[in-house]
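Novice: Below are the sequence and a predicted model for it; my questions follow.
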Amino acid sequence: AQKVTQAQTEISVVEKEDVTLDCVYETRDTTYYLFWYKQPPSGELVFLIRRNSFDEQNEISGRYSWNFQKSTSSFNFTITASQVVDSAVYFCALDAYRDDKIIFGKGTRLHILP
Amino acid sequence: DAGVIQSPRHEVTEMGQEVTLRCKPISGHDYLFWYRQTMMRGLELLIYFNNNVPIDDSGMPEDRFSAKMPNASFSTLKIQPSEPRDSAVYFCASSPGPAGEQYFGPGTRLTVT
């Protein structure tokens, strides 16, 4: 069975601090995809990144970076120099090839304090 | 480009009434998903379609829920009869391929009194 765990329910940091959101996943499939989505206060979910299980390269996009480690089944998300606009709920998700059904974590609510 | 369009954005209805939620996916996307989001249960996948065909409806809570996709540009999620525990935000999303990134609509906030 597939599972995604986001142990951090809620995080608060002061603006300009770096923050890392943890995501741990479980799957027996060797082929799978991992995702991060952002849900700002407006409510709409926004796609951030997709990684496949064969590509462990870390990715950086502006202030956002992702650390994928198969050895620990983790796909962590770091925001550098956080800004108030980063305040949102962030979801990690897993789509295993055989199951072909995406599973979302419970989300981490991030508060960036001015 | 127009994103995923959902209507209505808000729906308030009385218990026992029929509710129909509508979704227009992004043109060219072969996959369409319906989700429900509540504080208690988080984001749950209800059903998804590939090329207008329902592939997995195991997330549909019970027979009161039904979904259709009569063509590539339109899908409906119907609840009949509605109950207060159906109150939630319902999202529609579309994707260009299997295990692809999903693009979500703005959601429909349903309140059943």
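Specialist: Right, received. Where do you want to start?
Novice: Show me what residue B:10 is bridged to.
Specialist: In this entry, residue B:10 is beta-bridged to residue B:109, by DSSP bridges.
Novice: ok, it to residue A:110 distance?
Specialist: According to C-beta to C-beta, to the nearest Å, residue B:10 stands 26 Å off from residue A:110. Where C-beta positions appear, they are placed from N, C-alpha and C, glycine not excepted.
Novice: Can you show me the strands along the chain?
Specialist: In the absence of a named chain, chain A is used. A:3-5, A:10-14, A:19-21, A:24-26, A:32-39, A:46-52, A:59-61, A:64-69, A:74-79, A:88-96, A:102-104, A:108-113 (DSSP state E).
Novice: nope, chain B
Specialist: B:5-7, B:10-13, B:19-24, B:31-38, B:42-50, B:53-56, B:65-71, B:74-79, B:88-95, B:103-104, B:108-112.
Novice: what does the third one rub up against?
Specialist: Taking C-beta atoms under 8 Å, 6 or more residues apart in numbering or on different chains as the criterion, the residues outside strand B:19-24 that touch it are B:4-8, B:11, B:13, B:32, B:34, B:73-80, B:82, B:86, B:90, B:92, B:105, B:108, B:110, B:112.
Novice: Could you identify which of the strands of chain A is most buried?
Specialist: strand A:88-96 (a mean of 23; mean count of other C-beta atoms under 10 Å in any protein chain shown).
Novice: so where is chain B shaky, pLDDT-wise?
Specialist: Under the criterion pLDDT under 70, the flagged ranges of chain B are B:1.
Novice: The closest residue to residue B:96 other than its chain neighbours: what's it in contact with?
Specialist: In this structure, residue B:96 finds its nearest non-sequential neighbour in residue B:29, 5.2 Å apart by C-beta to C-beta, 6 or more residues apart in numbering or on different chains. By C-beta under 8 Å, 6+ apart, the contact list for residue B:29 reads B:94, B:95, B:96, B:103.
Novice: before we move on, the earlier item: can you put the strands of chain A in CSV and add mean pLDDT?
Specialist: Supplementary listing: the strands of chain A in CSV, determined by pLDDT from 0 to 100:
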stretch, mean pLDDT
strand A:3-5, 95
strand A:10-14, 97
strand A:19-21, 98
strand A:24-26, 97
strand A:32-39, 96
strand A:46-52, 94
strand A:59-61, 90
strand A:64-69, 95
strand A:74-79, 97
strand A:88-96, 95
strand A:102-104, 90
strand A:108-113, 97
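Novice: could I get the ones you listed as TSV with distance to chain B?
Specialist: Output for those, formatted as TSV (distance: least, C-beta to the nearest C-beta, whole Å):
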stretch	distance to chain B
strand A:3-5	10
strand A:10-14	13
strand A:19-21	16
strand A:24-26	14
strand A:32-39	4
strand A:46-52	4
strand A:59-61	14
strand A:64-69	14
strand A:74-79	15
strand A:88-96	4
strand A:102-104	4
strand A:108-113	11
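Novice: which stretch among those comes nearest residue B:57?
Specialist: Distance to residue B:57, taken as C-beta to C-beta, is lowest for strand A:102-104 among the strands of chain A, at 14.8 Å.
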